[in-house]
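In: sequence first, then the predicted structure:
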Amino acid sequence: YKKSLYQLTNFENSTRIIGLTATPGRGIDEIQNKLLVDEFQGQIIQIELNEELKKIYEKNIIKFLEDEEILSKAIYTPLPTKFMIDLSKKDRLGLKKLVEGDRPEFSSEFLERLGNDNDRNLLIIEKLKEYAENGKKILFFATNVSQSMLIFTVLQKLGIKALHVDGNSDRSFRRQIIKKF
């Protein structure tokens, strides 16, 4: 039972960027695997868990990294809206996992509808604006690229420094953004 951890360290300000894969060596193809390794300059750390830790963290290596203070713990802030949707079995299971503190998985249809909810997007923008006005650095993960672009554009119009990155962003641009952050 091994997990590969890719770590890029900027020692000037002790910021660490970590990429994680539960399936080292198994990706969409060899090119994708090489790109992941190259993104972190080939710095790979193997995590091996003893039997006791396997039982605790086998399905949630992120929790292990949080508990070991390698990763920051995510803080989930509920944003109640009037958003209504019929949920599939997979999406109901995802919400149950989220409530239990586990990492959920949702259908792309659910995420698209969630990302298109304007009332919810306004609440997110207000929360991000509040954090920015209080001097917080924020890393926001949108439900999809369209939502990310929308929120990025609105934040810029509000005079808040923001950048958008997605899988199609140029690698050197992504590196610059990571370094700035």
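Out: Arrived safely. Residues are numbered from 1 along each chain as shown.

In: for Asp170, the count of nearby residues, please.
Out: By other Cβ atoms under 10 Å, 9 other residues sit near Asp170. All C-beta spots, glycine's among them, are computed from the backbone N, C-alpha and C.

In: what segments of the protein are helices?
Out: For the chain, helices defined by DSSP state H occupy the ranges 30-39, 51-57, 61-67, 89-99, 108-115, 118-133, 145-157, 171-180.

In: and Phe83, which of those helices is closest to it?
Out: helix 118-133 (5.7 Å; Cβ to Cβ).

In: in the closest one, what's buried?
Out: 120-121, 124-125, 128, 132 (16 or more other Cβ atoms under 10 Å).

In: now Met149: how far from Leu155?
Out: As judged by Cβ to Cβ, to the nearest Å, Met149 and Leu155 stand 11 Å apart.

In: who has more neighbours out of these two?
Out: The residue with more neighbours, out of Met149 and Leu155, is Leu155; 20 against 13, by other Cβ under 10 Å.

In: what's the separation between the spatially most central residue of the chain and His164?
Out: Against the mean C-alpha coordinate of the chain, by Cα atoms, centre = their mean, the closest residue is Phe141 at 5.5 Å. From Phe141 across to His164, the span is 12 Å (Cβ to Cβ).

In: next one: Lys137
Out: Lys137 is 16 Å from His164, where distance means Cβ to Cβ.

In: tell me which of those two has more neighbours.
Out: With neighbours defined as other Cβ under 10 Å, Lys137 and His164 compare such that His164 has more, 17 against 9.

In: report pLDDT for the more buried one.
Out: With respect to pLDDT, His164 has a value of 91.

In: what of Asp67?
Out: pLDDT, Asp67: 81.

In: ok, Arg171 next?
Out: 83.

In: what does Lys59 give?
Out: At Lys59, pLDDT is 67.
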